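# pasting a predicted model and its sequence here:
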Amino acid sequence: MKSKTIAFLLVAAAASALLPGCANNPITQANEESASASQISRDSRAALRSLYAQNPQAKALGNRAKGVLVFPSITKGGVVVAAQAGNGALIYNDGRIGGYYQTAAASYGLQAGVQKFGYALFLMDDEAFRNVNRNEGWEVGSSPSLVVVDRGVAGSLSTTTIDKGSYAFFFNQRGLMGGLGLQGSKITRIHPQQ
């Protein structure tokens, strides 16, 4: 066997062994110890201000949302088997923080590379809040009321269509891995140190 093939198989085997634990309990000890509530708050507020400045549809949606869950920096990486994770905060319209959360996901398929991005999840009704605060976490991609907003969807948003469900906007995409999505993502509440 060629050395590249052996290296590829070793990386895939290691990722396969590690990822099931991440999917069941996404809060790793390293993340829990290093997460800072004040830093997550600052980064999340700055990311939301930037999104609003660049996207008027996001700002209009934010004005009507009960809260916005912002994940300012998510890292996704892998070869065949990939994992992604990041921390964020729930921000109310008055700027208060309503809690801290982690998003994590594992996927497999024809993929390779590293990518960074952020997303904001606009929670429009009480059901969306119940989903976010489930004890076992919320599997976002399985929600029938989630809409990922791209240019086509953004043009069709109106005040009569946005009162229910959750809307996701991606931002700051950088890296070599294509295809952003929330399928397989799980959001879990965390309690970082101040």
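Nice, I can see it. Treat the numbers as computed from the prediction; the structure is a model and nothing was measured.
# tell me the SS of Ala53?
Here Ala53 is recorded as helix under DSSP: H, G, I helix; E, B strand; the rest coil.
# just give me the neighbour total for it.
Neighbourhood size, Ala53 [other CB atoms under 10 Å]: 10. From N, CA and C alone the C-beta is placed, and that goes for glycine too.
# now swap in the one 3 residues further on and tell me
When counting by other CB under 10 Å, one arrives at 10 neighbours for Pro56.
# cool, and Gln54?
Gln54 - counted by other CB under 10 Å - has 12 other residues nearby.
# which residues does the closest residue to it other than its chain neighbours contact?
Distances taken as CB to CB, 6 or more residues apart in numbering put Phe171 closest to Gln54, at 7.4 Å, once the chain neighbours are dropped. Applying CB atoms under 8 Å, 6 or more residues apart in numbering to Phe171 gives the contacts 47, 50-51, 54-55, 117-120.
# so Phe171: helix, strand or coil?
Classified using three-state DSSP, Phe171 is strand.
# ok, what's across the strand from it?
With DSSP bridges as the criterion, Phe171 is bridged to Gly118.
# that one and Gln194, how far apart?
According to CB to CB, to the nearest Å, Phe171 and Gln194 sit 27 Å apart.
# buried sites along whatever helix or strand Gln57 lives in?
Following DSSP states H and E, one finds Gln57 within helix 56-64. Buried residues in helix 56-64, counted by 16 or more other CB atoms under 10 Å: 57-58, 60-62.
# need these in TSV with pLDDT, can you?
Output for these, formatted as TSV (pLDDT from 0 to 100):
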residue	pLDDT
Gln57	88
Ala58	92
Ala60	90
Leu61	91
Gly62	93
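# what's the closest non-adjacent residue to Leu69?
Leaving out its chain neighbours, the residue that sits closest to Leu69 by CB to CB, 6+ apart is Leu121, at 4.2 Å.
# quick one: end-to-end length of stretch 174-186, please.
Stretch 174-186 has an end-to-end distance of 22 Å (CA to CA, to the nearest Å).
# and it, average pLDDT?
Stretch 174-186 shows an average pLDDT of 65 in the prediction.
# ok, which stretches of this protein are strands?
67-91, 97-123, 138-139, 146-148, 166-175, 186-190 (DSSP state E).
# now those in a markdown table, with distance to Arg130?
Output for those, formatted as a markdown table (distance: least, CB to CB, whole Å):
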| stretch | distance to Arg130 |
| --- | --- |
| strand 67-91 | 12 |
| strand 97-123 | 10 |
| strand 138-139 | 9 |
| strand 146-148 | 14 |
| strand 166-175 | 11 |
| strand 186-190 | 12 |
